[in-house]
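*Asks:* just the structure for this:
(chains A and B)
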Amino acid sequence: MLYLQILLNGLLLGGLYALIAVGFSLVWGVLNVINILHGTFIVLGSYIAYFAHLYFGIHPFASVIISGSVLFCLGYVIQAGIINRVIAAPVLMTLTLTFGLDLLLNNAMLIAFTADYRKLILTDSLGSYDLWGLILPLNRVAGVGLAALLTFGLYRLLRDSNIGRAIVAVRMDREAATLMGVRVNRINAVTFALGALMAGAAGSIFSIIYPISPINSGLFLGKAFVICILGGLGSVPGAMIGGIALGVIESYGALFFGPEHSTTLAFVILIALLIFRPTGIMGRKGYE
Amino acid sequence: MNKIAIFVAIVALLALPYFGNNYIVRLATVMMMYSVLALSWNFIGGMAGYPSFATAAFFGIGAYVGAILQANGIFFGAAWFAAGLIALIFAAIMGRAILHLRGHYFAIASLVMVEVLREVVNTNDQITGGGMGMNIPILKISVEASGMLFYYSMFVVALLTLATASWVYHSKLGFGFRCIQQNEAAANMLGVDSTKYKTIAFSLSAVFVGMAGAIYASWVNYIEPPDVFDIFLTIKPVVMVLLGGMGTVFGPIIGAVAFLALEEIVWRNFLTIHSAVLGLLIVLLVLFLPKGALFFDYRQFFRGRKK
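*Replies:* Numbering: from 1, shown residues only, chains lettered A, B, ... in the order given. Prediction:
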């Protein structure tokens, strides 16, 4: 029974992890940019949810819309105004650039919100449900449901909409997409903005589970790294599988090695995968 | 001319503790440390063109090896030397494993090395003290004397790094690094053993950083995992080299000095926004001076864009 409960916890954790990684993976896959800002975007989303709840009483699940749109705009501006200028530069440049931007944004948040941990406490918490001896924390289940819905939404967007097809086209072949009349710079900005939107939405959902502080951004970023390497780069299903795998691995790792080693375990797996199978469990595929 | 300038600089730096106060000596020690970090990163990042983010890993290994050896009664000089050696061996082994990765994958693998080591040190508290940190035995000499000792030790390591950089730059090894940076496949075709060369570059970027880490640990007397496995120790050398010019011999030193001056001004006056200022510096550097401040064409800038 214990093992089943831990499996369940791992799956729920994994559902949330998948949401962390899906935007990060999109940006990495399409723009070939490692977005160090991603963790800070998630924390910013959490703050938006926190203040929306504090001042207007908006439920974090509803404020996904607010944080998502705010982050979408912010992401668009950052990509169109700054990163697009050096998008063709070597890896070192774009990585260092997003690191610098992250320092700026994170410092701004530290000044605005301080490093104190805040906790969003729901007045109408759903409690938990006993399913044949398995404990289901219902808030978390609802959060994972919403996360799955958002991920599925992104998947459909990439598959069915014009802009989504353009994004996939840029991912597959930048030059060819340009020749076909895709405005690559605009697609870059939209892709980055979509990644930021997913981060903001993730932040909103996380605000009911994790304490909120700018310090947490590195933690989320680390998870995104591991999931992307685990699941393989640039596909929505890859990010989902990577996220769930990481959630389950961390949960069992905490059981067998103790909770203090679960992060180390995740990173060791990452390095081992990079050494032996850098394409991830799923292998490298397109965004379909 | 150049040789005279270098000679004058060395003499001036040797004489510095006799004229400056403790603050100046402390600052100069940090300057030497930053020069070591920047010059070392330049081997792998600047010359060979591999975006390594592992500097903090080597620094932390050096600091902890030095601290553990000294806690067990080993002479400090020997402990520092051993720290460099262990960092070198670690880099050689890890280099074999991750240097087949390119671009982002290599960057992330090297970055994650820092995280793993920090966690490993954090959780093995019977050897390393874990999150409680480690105290390093204080040398039984006066404050001024120990300040000078650490300054001169850092200075020697910095000179060693510079000499190695200069030698590598002008040798076949440096030529091989530059070949790899420009086109690895072509370098392989022409008979450059790229795996060997990359491993050498990665190891060179570790050995002096490990020694500097050990000296730093003895200098501050107390280390803890977030202090020596600090991600800023990884990113600052990159910024310094970007400032001074990638793949050159003296660029990293000029970058280190410029960076330290800027950092000191910011730390003194705007403590709460120091990481934002660093962030802004990075953004401006990448956007406007991607080849380094040294390579900025001032004449062309003031004449207006031609070409």
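*Asks:* helix or strand: which one has the residue nearest the centre of chain B?
*Replies:* With distances taken as CA atoms, centre = their mean, the residue of chain B nearest its centroid is residue B:37 (1.0 Å). In the assignment (DSSP states H and E), residue B:37 maps to helix B:22-41.
*Asks:* how are the strands of the stretch 1-150 of chain A distributed by residue range?
*Replies:* A:128-131, A:134-137 (DSSP state E, counting those that start in this stretch).
*Asks:* could you list the low-pLDDT ranges of the stretch 51-200 of chain B?
*Replies:* In the predicted model, the stretch 51-200 of chain B carries no residue with pLDDT under 70.
*Asks:* 80 - rerun?
*Replies:* Residue ranges of the stretch 51-200 of chain B with pLDDT under 80: B:102-104, B:125, B:129-131, B:139-140, B:143-144.
*Asks:* likewise chain A?
*Replies:* A:1-2, A:115, A:120-138, A:231-235, A:257-264, A:266, A:270, A:273-288.
*Asks:* what residue in the stretch 101-250 of chain B comes nearest to chain A?
*Replies:* Nearest residue of the stretch 101-250 of chain B to chain A (CB to the nearest CB) works out as residue B:119 at 4.0 Å. For every residue, glycine as well, the C-beta is placed using N, CA and C.
*Asks:* just so I know, which of the strands of the stretch 1-150 of chain A lies nearest chain B?
*Replies:* strand A:134-137 (27.2 Å).
*Asks:* quick check: buried residues in the closest one?
*Replies:* residue A:137 (16 or more other CB atoms under 10 Å in any protein chain shown).
*Asks:* distance from the chain centre to that strand, please.
*Replies:* Distance, stretch centre to chain centre, for strand A:134-137: 25 Å (CA atoms, centre = their mean, to the nearest Å).
*Asks:* packing partners for that strand?
*Replies:* When contacts are defined as 3 or more CB pairs under 8 Å, 6 or more residues apart in numbering or on different chains; DSSP states H and E, strand A:134-137 packs onto helix A:2-31, strand A:128-131.
*Asks:* so what touches the shortest one?
*Replies:* In other words, strand A:128-131. A:135, A:136, A:137, A:138 (CB atoms under 8 Å, 6 or more residues apart in numbering or on different chains).
*Asks:* interface residues of the stretch 151-288 of chain A facing chain B?
*Replies:* Residues of the stretch 151-288 of chain A found near chain B (CB under 8 Å from any CB of the partner chain) are A:218, A:222, A:225, A:229, A:260-261, A:263-264, A:267-268, A:270-271, A:274-275, A:278.
*Asks:* host element of the closest residue to residue A:100 other than its chain neighbours?
*Replies:* In this structure, residue A:100 finds its nearest non-sequential neighbour in residue B:282, 2.8 Å apart by CB to CB, 6 or more residues apart in numbering or on different chains. For residue B:282, the host element (DSSP H and E) is helix B:274-288.
*Asks:* what are the buried residues along that helix?
*Replies:* B:274-283, B:285-287.
*Asks:* can you map out the strands along the stretch 201-307 of chain B?
*Replies:* So, for the stretch 201-307 of chain B - with DSSP E, counting those that start in this stretch - the strands run B:222-223.
*Asks:* residue numbers of it in contact with chain A?
*Replies:* Residues of the stretch 201-307 of chain B found near chain A (CB under 8 Å from any CB) are B:231, B:235, B:238-239, B:242, B:272-276, B:278-283, B:285-287, B:290.
*Asks:* need the contact list for the closest residue to residue A:22 other than its chain neighbours.
*Replies:* Excluding its sequence neighbours, the residue lying closest to residue A:22 (CB to CB, 6+ apart) is residue A:239, at 4.3 Å. Residues near residue A:239 by CB under 8 Å, 6+ apart: A:18, A:21, A:22, A:24, A:25, A:151, A:227, A:228, A:231.
*Asks:* of the residues you listed, closest to residue B:58?
*Replies:* Nearest to residue B:58 out of the contacts of residue A:239 is residue A:228 (CB to CB; 25.3 Å).
*Asks:* what helices or strands is the helix or strand where that closest one lies leaning on?
*Replies:* Assigned by DSSP H and E, residue A:228 falls within helix A:217-231. Where contact means 3+ CB pairs under 8 Å, 6+ apart, helix A:217-231 is packed against helix A:2-31, helix A:38-56, helix A:236-257, helix A:262-276, helix B:103-123.
*Asks:* tell me which stretches of the stretch 1-150 of chain B form helices.
*Replies:* B:2-19, B:22-41, B:55-71, B:76-98, B:103-123, B:125-128, B:143-170 (DSSP state H, counting those that start in this stretch).
*Asks:* against which helices or strands is the second one packed?
*Replies:* To tie it back to what came earlier, the one meant is helix B:22-41. Contacts defined by 3+ CB pairs under 8 Å, 6+ apart place helix B:22-41 against helix B:2-19, helix B:55-71, helix B:143-170, helix B:194-220, helix B:231-244, helix B:251-269.
*Asks:* that one - what's its average pLDDT?
*Replies:* Taken as a whole, helix B:22-41 carries a mean pLDDT of 91.
*Asks:* may I see the buried residues of it?
*Replies:* B:25, B:27-41.
*Asks:* next one: the fifth one
*Replies:* The neighbour-count criterion (16+ other CB under 10 Å) identifies B:104-123 as the buried residues of helix B:103-123.
*Asks:* ok now it, how far from the chain's centre?
*Replies:* 17 Å.
*Asks:* and it with helix B:76-98, angle?
*Replies:* Regarding helix B:103-123 and helix B:76-98, their directions subtend 140 degrees when assessed with axes from the mean of the first three to the mean of the last three CA atoms, to 10 degrees.
*Asks:* what's the angle between helix B:103-123 and helix A:236-257?
*Replies:* For helix B:103-123 against helix A:236-257, the angle by the same axes, to 10 degrees is 20 degrees.
*Asks:* mind exporting helix B:103-123 as CSV, just the C-alpha atoms?
*Replies:* This file holds the C-alpha atoms of helix B:103-123, laid out as CSV (Å, rounded to 0.1, in the frame of the first residue of the first chain):
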residue,chain,number,x,y,z
GLY,B,103,26.5,23.3,-27.2
HIS,B,104,23.6,23.5,-24.7
TYR,B,105,24.0,19.9,-23.6
PHE,B,106,27.6,20.4,-22.6
ALA,B,107,26.7,23.7,-20.9
ILE,B,108,24.0,22.0,-18.8
ALA,B,109,26.1,19.0,-17.9
SER,B,110,28.9,21.2,-16.6
LEU,B,111,26.4,23.4,-14.7
VAL,B,112,24.8,20.3,-13.1
MET,B,113,28.2,19.1,-11.9
VAL,B,114,28.2,22.1,-9.6
GLU,B,115,24.8,21.2,-8.3
VAL,B,116,25.6,17.5,-7.7
LEU,B,117,28.9,18.3,-5.9
ARG,B,118,27.1,20.8,-3.7
GLU,B,119,24.5,18.3,-2.7
VAL,B,120,27.1,15.5,-2.2
VAL,B,121,29.1,17.8,0.1
ASN,B,122,25.9,18.9,1.8
THR,B,123,24.8,15.3,2.6
